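Enquirer: this one's structure only:
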């Protein structure tokens, strides 16, 4: 008999297959991660009404009264080494087996991005209306602030929706669209974490640029040209290494917020911990995918972007699952990971 229990956060009645006790699941309504309790007498003992119902088949498509719970079968996560080959192979296999769902996500995300760009352009009218033409400088600054704020907020919304959707696909949820837009419990954390990561990337580059500036603009202490060039090259390498260190080591910060309900600093710390030893594999995977994705988008006159965007999102989630030692469902069967464990 299936196990029924209430979500401790929103109270939604959930139903999962028998034998799932102790595993982790995500409420489709509020996205709260909960531990599946043991079967209660009320759910283990069939009532008179239950006797007339057909036996529960966990491999059948969800029925109308079945409250789907996205499986997250590992209650504990731990740092796990992975390889570029494993990342690319796993991502490609999942992409092939879930092409329809992921292509739909790509279309939705690109449509949202286009709508966001149009809205951002319209926001430029607001300062002109309130400030008028009298002070063009104030109007220009206000327009810039509004558009940047809108871009960051809507960008975080798109990332949160994409991660929630892709996490459902990788977890084997047969209906990943369900709950994809229920991201408000962690939206602000995604927004501020994303902004913090961007600022760290910019800061690492800016610091090295400021240190190199005297050697570029001034002849500092009549230093020989070879020394100046050497210093500039070293600082440039440091800036590039710092940028990619932040990118690879903080890559799974947002998935940890969305999937594990981490706080911002907790997610950053955990991301650094779980990606230890995987930085080169992560960097190599994205370099290969980036080159191939760019070529594919150009060849298809940018139409292929609807597949490239979800593949990048998928690869991020795959890296998150592999780096934290969580099983990854590649066949599209929502109970594959449960059976393997």
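Expert: It's in. Since this is a predicted model, take the numbers as computed values, not measurements.

Enquirer: what are the boundaries of the helices in the chain?
Expert: 41-44, 48-51, 84-97, 99-123, 125-131, 136-170, 187-217, 225-249, 253-260, 264-274, 279-299, 305-323, 336-340 (DSSP state H).

Enquirer: mean neighbour count, mean pLDDT and distance to residue 5 added to the ones you listed, as TSV?
Expert: To be clear about C-beta, it is placed using only N, CA and C from the backbone, and glycine gets the same treatment. TSV is the format used below for the helices of the chain (neighbours: other C-beta atoms under 10 Å; pLDDT from 0 to 100; distance: least, C-beta to C-beta, whole Å):
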stretch	mean neighbour count	mean pLDDT	distance to residue 5
helix 41-44	10	44	8
helix 48-51	8	43	17
helix 84-97	18	94	29
helix 99-123	15	89	28
helix 125-131	13	71	48
helix 136-170	19	87	20
helix 187-217	16	84	26
helix 225-249	15	80	37
helix 253-260	25	94	20
helix 264-274	18	95	27
helix 279-299	15	94	37
helix 305-323	23	94	25
helix 336-340	16	40	17
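
Enquirer: looking at the ones you listed, which is closest to residue 76?
Expert: Counting by C-beta to C-beta, residue 76 lies closest to helix 253-260 out of the helices of the chain; the figure is 11.0 Å.

Enquirer: and that closest one, what other elements does it pack with?
Expert: Secondary-structure packing of helix 253-260 (3 or more C-beta pairs under 8 Å, 6 or more residues apart in numbering; DSSP states H and E): helix 136-170, helix 187-217, helix 264-274, helix 305-323.

Enquirer: quick one: these as a markdown table, columns for distance to residue 291 too.
Expert: What follows is those, written out as a markdown table (distance: least, C-beta to C-beta, whole Å):
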| stretch | distance to residue 291 |
| --- | --- |
| helix 136-170 | 22 |
| helix 187-217 | 21 |
| helix 264-274 | 25 |
| helix 305-323 | 11 |
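
Enquirer: quick revisit: save the helices of the chain as CSV, and put in distance to residue 18 too.
Expert: Written out in CSV, the entries for the helices of the chain read as follows (distance: least, C-beta to C-beta, whole Å):
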stretch, distance to residue 18
helix 41-44, 8
helix 48-51, 13
helix 84-97, 27
helix 99-123, 27
helix 125-131, 56
helix 136-170, 22
helix 187-217, 35
helix 225-249, 41
helix 253-260, 25
helix 264-274, 32
helix 279-299, 38
helix 305-323, 25
helix 336-340, 11
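
Enquirer: for residue 181, find the nearest of those helices.
Expert: helix 136-170 (5.9 Å).

Enquirer: starting at the chain centroid, how far to the closest one?
Expert: 15 Å (C-alpha atoms, centre = their mean, to the nearest Å).

Enquirer: elements contacting it?
Expert: In terms of contacts (3+ C-beta pairs under 8 Å, 6+ apart), helix 136-170 is packed against helix 99-123, helix 125-131, helix 187-217, helix 253-260, helix 305-323.

Enquirer: quick one, it and helix 305-323 angle?
Expert: Per axes from the mean of the first three to the mean of the last three C-alpha atoms, to 10 degrees, the angle that helix 136-170 makes with helix 305-323 is 60 degrees.

Enquirer: just want the angle from helix 136-170 to helix 84-97.
Expert: Going by the same axes, to 10 degrees, helix 136-170 makes 80 degrees with helix 84-97.

Enquirer: give me the angle between helix 136-170 and helix 99-123.
Expert: 170 degrees.

Enquirer: now the angle from helix 136-170 to helix 187-217?
Expert: Going by the same axes, to 10 degrees, helix 136-170 is angled at 120 degrees with respect to helix 187-217.

Enquirer: tell me which of the helices of the chain lies nearest to residue 13.
Expert: Closest among these, using C-beta to C-beta: helix 41-44, at 11.0 Å.

Enquirer: now the nearest residue to residue 189 once chain neighbours are set aside: how far from residue 158?
Expert: Excluding its sequence neighbours, the residue lying closest to residue 189 (C-beta to C-beta, 6 or more residues apart in numbering) is residue 257, at 5.0 Å. With the distance defined as C-beta to C-beta, to the nearest Å, residue 257 ends up 15 Å from residue 158.

Enquirer: before we move on, the earlier item: wait, which of the helices and strands packed on helix 253-260 is closest to residue 88?
Expert: So among the helices and strands packed on helix 253-260, helix 305-323 is nearest, using C-beta to C-beta, at 7.8 Å.

Enquirer: determine the set of other helices and strands touching that closest one.
Expert: Where contact means 3+ C-beta pairs under 8 Å, 6+ apart, helix 305-323 is packed against helix 84-97, helix 99-123, helix 136-170, helix 253-260, helix 279-299.
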